[in-house]
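>>> fold the following and give me the result.
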Amino acid sequence: MRTVAMTPPPEFGLPENIYGHVKRLEWIACHLDHDDRVLEIGCGTGYMITLPLVRAGWDAMGVDTDAASIEYGRGLLAAEGFDAERLRTVDAATLPGKFDAIILSEVLEHIPDAGIDALLATVRQLLAPGGKLLVTVPNGYGWYEFEAFLWNRMRLGRLLEILRIQRLAFALKARTASLPFSYDHPSSLDSSPHVQRFTWGSLARRIQAAGFELADRDGTVLFAGPASNLFFTGFAWPTALNRALGTWMPALASSFMLAATLDDEGDSGGDRA
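Numbers count the residues shown, from 1 in each chain. Okay, the predicted model is just below:
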């Protein structure tokens, strides 16, 4: 695994939550040079990554197949005085030029095997020489999966609603939380299901098989899920500890973050021979 130089991220002004969404954004920014041309594939509304990068001065754009999400995000860009054309509903393979960094954040878990191979081939085609691939995916066997099973399948969420514990938790957080505990806009309007379950090892092998060399990895947070979000998002010290635990135990984190470059034998034009 190569060592990559990382610079401190800018202040994005978004509140951190139990899922480590801001840590993910900061990690991505640490791998970008300020003159990079950046593409986010599967950007949703662009609210969580593309828009903050544009605000911070990057030449960033996002594409997604969900037209409703893109239309929503274009409205957000236009409302802040940015070019709405930075978000598009197009096939990434048709975009002109090369990109210095391509982001696949919470995307691969929604794509069948053959689709992943095709997408990574497209990324190779679009990357400029020396370009970076930045990937984040949920841990398919992490804490979030366990908590979501209890919340949805075992109906813990419904029980807490019946007992009015959810209402009580929100009322207490409204009085005592030290951080905001919700976002102003959705990250996506699409509800496509997960069709892949990744471990750190299976993700790394998949990226390497596509002709990339691993450069860096990290974990977002250790604990994540609807119950953790209900009780802990909004409080500074549990949020900070959870972020630290994700880095200390990246293989157990609720979401993996991986940076890669084209291998020494690869090029930016397609698959290896």
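>>> show me where this protein has its helices.
In the chain, the helices defined using DSSP state H lie at 21-30, 50-55, 67-79, 113-126, 143-148, 156-162, 165-176, 200-209, 226-232, 236-248.
>>> chain center to the last one: distance?
Helix 236-248 sits 17 Å away from the centroid of its parent chain (C-alpha atoms, centre = their mean, to the nearest Å).
>>> just the CA coordinates for it, please, in CSV.
Presented in CSV, the C-alpha positions along helix 236-248 are these (Å, rounded to 0.1, in the frame of the first residue of the first chain):
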residue,chain,number,x,y,z
ALA,A,236,-20.0,16.2,20.9
TRP,A,237,-18.1,13.7,23.0
PRO,A,238,-19.9,10.5,21.8
THR,A,239,-19.5,11.7,18.3
ALA,A,240,-15.8,12.4,18.6
LEU,A,241,-15.2,9.1,20.3
ASN,A,242,-17.1,7.2,17.6
ARG,A,243,-15.0,8.9,14.9
ALA,A,244,-11.8,7.9,16.7
LEU,A,245,-12.9,4.3,17.1
GLY,A,246,-13.5,4.1,13.4
THR,A,247,-9.8,5.0,12.7
TRP,A,248,-8.5,2.8,15.5
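>>> list the buried residues of that helix.
Within helix 236-248, the residues that qualify as buried are 239, 242, 243, 245, 246, 247, counting by 16 or more other C-beta atoms under 10 Å. (Each C-beta comes from the backbone N, C-alpha and C, glycine too.)
>>> how about the fourth one?
Within helix 113-126, the residues that qualify as buried by neighbour count (16+ other C-beta under 10 Å) are 116, 119, 120, 121, 122, 123, 124, 125, 126.
>>> quick check: the fifth one touching residue 92?
Yes. A contact is recorded between residue 122 and residue 92 when judged using C-beta atoms under 8 Å, the distance being 5.6 Å.
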